[in-house]
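A.B. asks: Here is the input, now give the coordinates:
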Amino acid sequence: MINMKNRSSVVYIVFALVSIIAIIPIANAAPLLAANFSANVTSGTTPLSVGFTDLTTGTPMNWSWYFGDEPYTQTWVQVNAGAGWTADSYMGIARLPNGHIVLTGGYNSTGTTIAGTNDTWQSTDNGAHWTLMNPSSGWLPRWNHGMVALSDGTLVLMGGANGTISTTTNYYNDTWQSTDEGAHWTRVNASSGWETREAFPSVAMPDDSIILTGGASTEATYDDTWRSTDKGATWTEVNAGGSWERRWRHTSNVLPDGSIVIIGGLHITQMNDTWRSTNNGATWTQVSATAGWPARGRHNTVAMPDGNIVLMGGDNGTNQFNDMWLSKDKGATWSLLHASSGWSARYGSRSTLTSNGTVLIMGGRPNDYKDVWSFNPIGSPTQSPSHVYSAAGNYSVALLVHSATDTNSTLKVEYINVTTPGAPVANFTGFPLSGIHPLTVTFTDTSTGVPTSWAWTFGDGNTTNATMHNPIHTYYTAGNFTVSLNATNAVGSNIVTKTQYINVTNATDKIGVYNNGVWYLDHNGNGTWDGAGIDKYYNFGGPGNVSVVGDWNGDGKTEIGVTNGVYWYLDDNGNGVWDGTGTGNDKYGYFGISGYTPVVGDWNGDGKTEIGVTNGVYWYLDDNGNGVWDGTGTGNDKYGYFGITGYTPVVGNWSGDVSRTRIGVTNGVYWYLDDNGNGVWDGTGTGNDTYGYFGISGYTPVVGDWNGDGKTEIGVTNSVDWFLDSNGNGTWDGPTVDKHGYFGITGWTPVVGKW
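C.D. replies: Residues are numbered from 1 along each chain as shown. So this is what the prediction gives:
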């Protein structure tokens, strides 16, 4: 007994103690867990070995991995044959964040008057042992009530029923809380707003709100949905009913994505439908009208960290079940895991997921069971495991972690993608992808599936190297080329096409001079003779020969040649030396008329240069490229009448719209060009021919693709000074617009080509 005169001292001491307690930090509080992980690979072909790394923050001491290919066919193990709790069925059950499991109330079949109980039990070792926390918890005895555990460890208990063994007479709608694992309870709502009821499921959402669905009393069976956002103190009806058929004895679960699933139950008949809500029960969608398992109520379902749902036991009013079913798609479809799970067929049992990832089922009727069974489907308990995927598929991976104070999980949906080695998936790369012709491209096969043969289409009609693994291909003409690869192995084949994958542009023509068999060619294109080490010097031909240049072999480069207008000697292999005729050597032709001027061009569009002669008016062109005049007609040669007597013949691709060479004449100032290629002067205008005024009287006319646009432009030179119509408008616009070069020797013959 405290003496009143010492009251002030007592108050002071109490105040001091409170002050001291208030400033002492809580040093032992462990940080909350946030499960996370990574994988060294997330895709590949079978068998795919994946190394997982735990990235959880906090201090986990247990890890439960679900790799997405667990069979869920493991054997059930009994962990307790007789748990000792008073009730045997219809209890409230919840797992706390620290992993402890709490059971409340339930149906006691051994009583004589009142069947319900109001005791609270706890297990700290996943159901193996149980401790009585409170023999009479304060709330009235009951069974078929709801109970959830919130993230802060608060237990919320609600509703239920009680009465005699033979008759249920009392239904409840009160709500109670415990903050010390069921040791003490406080009523937070005497009448929660929803009608009194039993046999309804309640779930805790990720935001710690509580969702209650359906249930029954003497008066009715319900199809409404209620929500509390303040730990059960107040409740709001979020759906008055009408979505799913009214029912009781059903189950509901919260999936990792925060959606709620309602499964089965009883109204007039047993049900096996499934419903889902993605907005806290406000609206519902039927995901399965007939789930596949026999219709039932009073069963158990558990939502797994990997998003799967397992269903166990229950009854249909006549028969009890001990089967086990699995849904991998949120209740839409189900597969049978166990026709008989090992424990006795039962209804009214209770089930939960433990903090180490196992499933527990306990108690039930009709034979007053008080046993506890465990099912362990996890893929690995290792902190950072490796796992081999042996079958193709997209696998969702989950990690459940547990510490002394907290449990947390994370799910990565379709995180691992595994394919079966089979027919190849064709793919390739090329380098370079663009450049001037001739452009040599190296193609590299990057197909998956280990192809053993390859069929390439390069887009230019050339099939050289088309069956090689990694071919090298040369493009000799300008254009945008579509490339395809058909990759094949023993299983099958696959084609990939890359549209306009290779872009080849025209090279600009370069200048040079010739005299009596000696050639000086501006190889680097700078318009200046830089010596034979940089530019090109050849001895090919002799006195009295006329120089001709063309792409005799179709390699995209210009080769040299000489003729007297009848006999032609062409450097077909491009080495600058006459090697005689034959495979890999040079070309000889007999084509012309003595006194006529030799001309060369690609008369037929085959990518090679052919020969011809003209007197500036009459043109004889070796269209079939055999070096002999065969007369005109299909498959023979070409004859043209175009020009002015005394004018110089010129040839080129004036329009750039086709690969064939066209004719023209000039006196070095006036130019008449057969732009439409019909061999007749049609005058200027759309679709007709081209007239130009460009040059210097007495200069030699020259033509070439000066700007790389694929068209031939005009120019003149005295074999030293070169004036080239670079912009192609037929007028000299000065050296800042057109081209001026200083290259050559006075009196020598000018030549033009892609050296």
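A.B. asks: any idea how the chain splits into domains?
C.D. replies: Residue ranges for each domain of the chain read 39-67+383-419, 77-375, 428-505, 510-753, as given by automatic domain parsing.
A.B. asks: hey, which of these is tucked in deepest?
C.D. replies: Neighbour counts (mean count of other CB atoms under 10 Å) averaged over each of the domains of the chain peak at domain 77-375, with a mean of 20. C-beta: built from backbone N, CA, C; applies to glycine.
A.B. asks: follow-up on the earlier one: mind putting the domains of the chain into a markdown table with distance to residue 33 and mean pLDDT?
C.D. replies: Output for these, formatted as a markdown table (distance: least, CB to CB, whole Å; pLDDT from 0 to 100):
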| stretch | distance to residue 33 | mean pLDDT |
| --- | --- | --- |
| domain 39-67+383-419 | 4 | 96 |
| domain 77-375 | 9 | 96 |
| domain 428-505 | 39 | 94 |
| domain 510-753 | 66 | 85 |
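A.B. asks: Residue 32: which of those domains is closest?
C.D. replies: Among the domains of the chain, the nearest to residue 32 by CB to CB is domain 39-67+383-419 (5.2 Å).
A.B. asks: measure residue 347 to residue 701 for me?
C.D. replies: Residue 347 sits 106 Å away from residue 701 when distances are taken as CB to CB, to the nearest Å.
A.B. asks: Quick check, pLDDT for residue 24.
C.D. replies: Confidence at residue 24, expressed as pLDDT, is 32.
A.B. asks: before we move on, back to that, can you add distance to residue 32 and give the domains of the chain back as CSV?
C.D. replies: As requested, those are arranged in CSV below (distance: least, CB to CB, whole Å):
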stretch, distance to residue 32
domain 39-67+383-419, 5
domain 77-375, 9
domain 428-505, 43
domain 510-753, 68
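A.B. asks: Could you tell me the phi and psi values at residue 258?
C.D. replies: Backbone dihedrals for residue 258, given as degrees, to the nearest 10, come out at phi 90, psi 0.
A.B. asks: give me every residue that touches it.
C.D. replies: Applying CB atoms under 8 Å, 6 or more residues apart in numbering to residue 258 gives the contacts 205-206, 278.
A.B. asks: before we move on, what about residue 89?
C.D. replies: Residues near residue 89 by CB under 8 Å, 6+ apart: 106-107, 109, 143, 347-350, 363-365, 368-369.
A.B. asks: which one of these sits closest to residue 86?
C.D. replies: Using CB to CB, residue 106 is the member of these that sits closest to residue 86, with 7.3 Å.
A.B. asks: any idea how far the closest one lies from residue 147?
C.D. replies: Distance, residue 106 to residue 147, using CB to CB: 11 Å.
A.B. asks: Quickly list what's touching both of the two.
C.D. replies: Residues touching both residue 106 and residue 147 (CB under 8 Å, 6+ apart) are residue 92.
A.B. asks: where do the helices sit along this structure?
C.D. replies: Ranges of helices within the chain are 7-23, based on DSSP state H.
A.B. asks: Using TSV, lay out the contacts of residue 89 together with distance to residue 612.
C.D. replies: Converted to TSV, these look like this (distance: CB to CB, whole Å):
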residue	distance to residue 612
106	108
107	110
109	114
143	109
347	102
348	104
349	101
350	100
363	105
364	103
365	107
368	112
369	106
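A.B. asks: Can you tell me which of those is closest to residue 76?
C.D. replies: Comparing the contacts of residue 89 against residue 76 with CB to CB places residue 349 closest, at 12.6 Å.
A.B. asks: quick one: contacts for the closest one?
C.D. replies: Applying CB under 8 Å, 6+ apart to residue 349 gives the contacts 89, 300, 312-313, 361-364, 369.
A.B. asks: do that again at 6 Å, thanks
C.D. replies: Residues near residue 349 by CB atoms under 6 Å, 6 or more residues apart in numbering: 300, 313, 361, 363-364.
A.B. asks: Check residue 732 too.
C.D. replies: Residue 732 sits next to residue 694 when contact means CB under 6 Å, 6+ apart.
A.B. asks: run the last query once more with 10 Å
C.D. replies: Applying CB atoms under 10 Å, 6 or more residues apart in numbering to residue 732 gives the contacts 693-696, 715-716, 723-725, 738, 740.
A.B. asks: doesn't residue 65 make contact with residue 411?
C.D. replies: No. Under the contact definition of CB atoms under 10 Å, residue 411 does not touch residue 65, with a separation of 11.5 Å.
A.B. asks: Overlap in contacts, those two.
C.D. replies: Common contacts of residue 411 and residue 65, defined by CB under 10 Å, 6+ apart, comprise 305-306, 397-400.
A.B. asks: Let me see the ranges of the strands in the stretch 51-200 of the chain.
C.D. replies: Ranges of strands in the stretch 51-200 of the chain, per DSSP state E, counting those that start in this stretch, are 62-66, 77-80, 92-95, 101-107, 116-123, 131-134, 146-149, 155-163, 168-178, 186-189.
A.B. asks: ignore the last one, the stretch 251-400 of the chain
C.D. replies: 251-254, 260-266, 270-277, 285-288, 300-303, 309-312, 324-327, 335-338, 350-353, 359-364, 369-375, 386-389, 393-402.
A.B. asks: what's the angle from the second one to strand 270-277?
C.D. replies: Looking back up the chat, that one is strand 260-266. Interaxial angle, strand 260-266 versus strand 270-277 (axes from the mean of the first three to the mean of the last three CA atoms, to 10 degrees): 160 degrees.
A.B. asks: For strand 260-266, list the C-alpha coordinates in CSV.
C.D. replies: Coordinates of each C-alpha in strand 260-266 appear next as CSV, following Å, rounded to 0.1, in the frame of the first residue of the first chain:
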residue,chain,number,x,y,z
ILE,A,260,-9.6,-12.3,-55.3
VAL,A,261,-10.9,-15.7,-56.4
ILE,A,262,-14.1,-17.3,-55.1
ILE,A,263,-14.3,-21.1,-55.5
GLY,A,264,-17.3,-23.5,-55.2
GLY,A,265,-19.7,-23.6,-52.2
LEU,A,266,-23.3,-24.5,-51.6
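A.B. asks: ok, now which ones touch the nearest residue to residue 733 once chain neighbours are set aside?
C.D. replies: Leaving aside its chain neighbours, residue 733 sits nearest to residue 727 (6.5 Å; criterion: CB to CB, 6 or more residues apart in numbering). By CB under 10 Å, 6+ apart, the contact list for residue 727 reads 706-707, 709, 713, 733, 737-739.
A.B. asks: Can you name the residues bridging to the residue nearest to residue 631 when sequence neighbours are not counted?
C.D. replies: Computed as CB to CB, 6+ apart, the closest residue to residue 631 that is not its neighbour in sequence is residue 637, at 6.6 Å. Beta bridges link residue 637 to residue 632, judged by DSSP bridges.
A.B. asks: mind listing what residue 637 touches?
C.D. replies: Neighbouring residues of residue 637 by CB under 10 Å, 6+ apart: 591, 603-604, 610, 612, 620-626, 628-631.
A.B. asks: One more pass at 7 Å, please.
C.D. replies: Residues touching residue 637, when contacts are defined by CB atoms under 7 Å, 6 or more residues apart in numbering, comprise 621-624, 629-631.
A.B. asks: Likewise for residue 596?
C.D. replies: Contacts of residue 596 were listed using CB under 7 Å, 6+ apart, and they are 565, 613-615.
A.B. asks: need these in CSV with distance to residue 211, can you?
C.D. replies: Formatted as CSV, the contacts of residue 596 follow (distance: CB to CB, whole Å):
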residue, distance to residue 211
565, 101
613, 97
614, 96
615, 101
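A.B. asks: And the residues you listed, which is closest to residue 521?
C.D. replies: The shortest gap between residue 521 and any of the contacts of residue 596 belongs to residue 565, at 22.8 Å (CB to CB).
A.B. asks: Pretty sure the closest one sits against residue 611.
C.D. replies: No. When contacts are counted by CB atoms under 7 Å, residue 565 is not listed as touching residue 611 (10.2 Å).
A.B. asks: what is in contact with the two at once?
C.D. replies: Common contacts of residue 565 and residue 611, defined by CB under 7 Å, 6+ apart, comprise residue 598.
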